[in-house]
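[1] Below are the sequence and a predicted model; questions follow.
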Amino acid sequence: MKILINKISRMTEDIIVDFSMEFGSGKAAWNGYRKPEQGKQYNVEYDITDPLRWEKDVVLSKEKNFKIFMKQGTTFITGILEKVYNDGVADLRFGKSIIQLEIQGKNIPKGQYVEVKADSLEVYDVNY
């Protein structure tokens, strides 16, 4: 997906980017061979690296559209849980992209819109 870099900051070794895109805005750790530049657009893939817990970090969404937003310094993503596998991996549809999640819990509903608390969101520059 395409994102526009609005702000760049460093936290220890990580480069943190504030970005906007067609579904809203968020904050993520940057991964790529080239350094991001403020005001430039990049094609990225998303990754949430920490395991998530059903009904705590991932909850059913009242909203029925794709969305990314910040609340109290944390990025949230609303998408559709397209597939849920037996090993705890799930595919979250976010626009035309799929984000693989590791979700702990039972009775995780596939085919539903969910809101994901993305504390460990990372973006990967795919055009390096």
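    Looks like it arrived, so ask away. Numbers count the residues shown, from 1 in each chain.
[2] wait, what's in contact with V17?
    By C-beta atoms under 8 Å, 6 or more residues apart in numbering, the residues touching V17 are 3, 5-8, 27-30, 36, 123. Using the backbone N, CA and C atoms, a C-beta is placed for each residue, glycine as well.
[3] Now list the buried members of these.
    3, 5, 27-30, 36, 123 (16 or more other C-beta atoms under 10 Å).
[4] Distance to L92, pLDDT and secondary structure added to the residues you listed, as CSV?
    Conversion of the buried ones among the contacts of V17 to CSV gives the following (distance: C-beta to C-beta, whole Å; pLDDT from 0 to 100; DSSP: H, G, I helix; E, B strand; the rest coil):
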residue, distance to L92, pLDDT, secondary structure
I3, 17, 97, strand
I5, 23, 97, strand
K27, 18, 95, strand
A28, 15, 95, strand
A29, 18, 95, strand
W30, 21, 96, strand
P36, 24, 94, coil
V123, 15, 96, strand
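[5] coming back round to it: in the contacts of V17, find the pair that's most separated.
    Within the contacts of V17, N6 and A29 form the most distant pair, 15.2 Å apart (C-beta to C-beta).
[6] one step back: I'd like the contacts of V17 as CSV, with distance to I98 appended.
    CSV is the format used below for the contacts of V17 (distance: C-beta to C-beta, whole Å):
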residue, distance to I98
I3, 16
I5, 23
N6, 25
K7, 27
I8, 27
K27, 21
A28, 17
A29, 20
W30, 20
P36, 23
V123, 15
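[7] Nearest to P109 among these?
    Among the contacts of V17, and counting by C-beta to C-beta, the member closest to P109 is A28, at 26.2 Å.
[8] mind checking how far the closest one is from G88?
    23 Å (C-beta to C-beta, to the nearest Å).
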